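1. compute the structure for the input listed below.
(2 chains)
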Amino acid sequence: AQSVTQPDIHITVSEGASLELRCNYSYGATPYLFWYVQSPGQGLQLLLKYFSGDTLVQGIKGFEAEFKRSQSSFNLRKPSVHWSDAAEYFCAVLASGTYKYIFGTGTRLKVLA
Amino acid sequence: EAQVTQNPRYLITVTGKKLTVTCSQNMNHEYMSWYRQDPGLGLRQIYYSMNVEVTDKGDVPEGYKVSRKEKRNFPLILESPSPNQTSLYFCASSSEHRAKSTGELFFGEGSRLTVL
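-> Numbers count the residues shown, from 1 in each chain, chains lettered A, B, ... in the order given. Prediction:
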């Protein structure tokens, strides 16, 4: 069965520090992979996505993610975190050719001033 | 402005009292979907619709109904709410082309439902 695992429930980083949020997936073929961000009281917003091609994808707000097929991972990174990045981050998988999205359980990011 | 609008944003109700959460999008999207978000469980899909009069169950459809009579609207109906349906609900939409080509979902701001 398809699944998405975000092993870190909470992460705290200092402003200006680098960030990496982990995401592992289980899927028979190469899935479509996404990272969404949810700010407090808001809906989810797409940060970036991977379908094929270059395994390092760039997104909005200075985020990037790298697809590693051998590790079934799609980790999200940012070189220097801003206080406004405090939010909950969701990794998601879309089975290709379907509308079946599977979301991870989310990682809540706290940023220290 | 392109948006997905949900109402109500907050609701407290009692067990067994039927309620409807409305969802409307102004982007002419074919695909619409409902999710519930619970702590430690992430987002789970309740129902989705690929077009007018075409709906299908997601992962957690029990206790919910939906209808898609118009392209822009996709209401979520709780015929007899129970406390285990206390949750944060999100509606999302996408164009068929966009869903298949980019997979991007556009989310509403959420409806927090409490069933006593």
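2. now do the contacts for residue 35.
-> Just going to use chain A. By C-beta atoms under 8 Å, 6 or more residues apart in numbering or on different chains, the contact list for A:W35 reads A:21, A:23, A:46-49, A:59, A:63, A:65, A:74, A:76, A:89-92. For glycine as for every other residue, the C-beta is placed from the backbone atoms N, C-alpha and C.
3. I was thinking of chain B, sorry if that wasn't clear
-> So B:Y35 contacts A:103, B:43-46, B:58, B:89-92 (C-beta under 8 Å, 6+ apart).
4. most neighbours out of the residues you listed, which is it?
-> B:C91 (29 neighbours; other C-beta atoms under 10 Å in any protein chain shown).
5. that one: which element?
-> strand B:87-94 (DSSP states H and E).
6. still on that earlier bit, rebuild the contacts of B:Y35 as TSV, extending it with distance to B:V66 and pLDDT.
-> Shown next, in TSV, are the contacts of B:Y35 (distance: C-beta to C-beta, whole Å; pLDDT from 0 to 100):
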residue	distance to B:V66	pLDDT
A:F103	19	92
B:L43	16	92
B:R44	15	93
B:Q45	11	93
B:I46	8	96
B:G58	10	90
B:Y89	12	97
B:F90	14	96
B:C91	10	96
B:A92	13	94
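7. relative to B:R68, which of those is nearest.
-> Closest approach between the contacts of B:Y35 and B:R68, by C-beta to C-beta: B:C91, at 11.9 Å.
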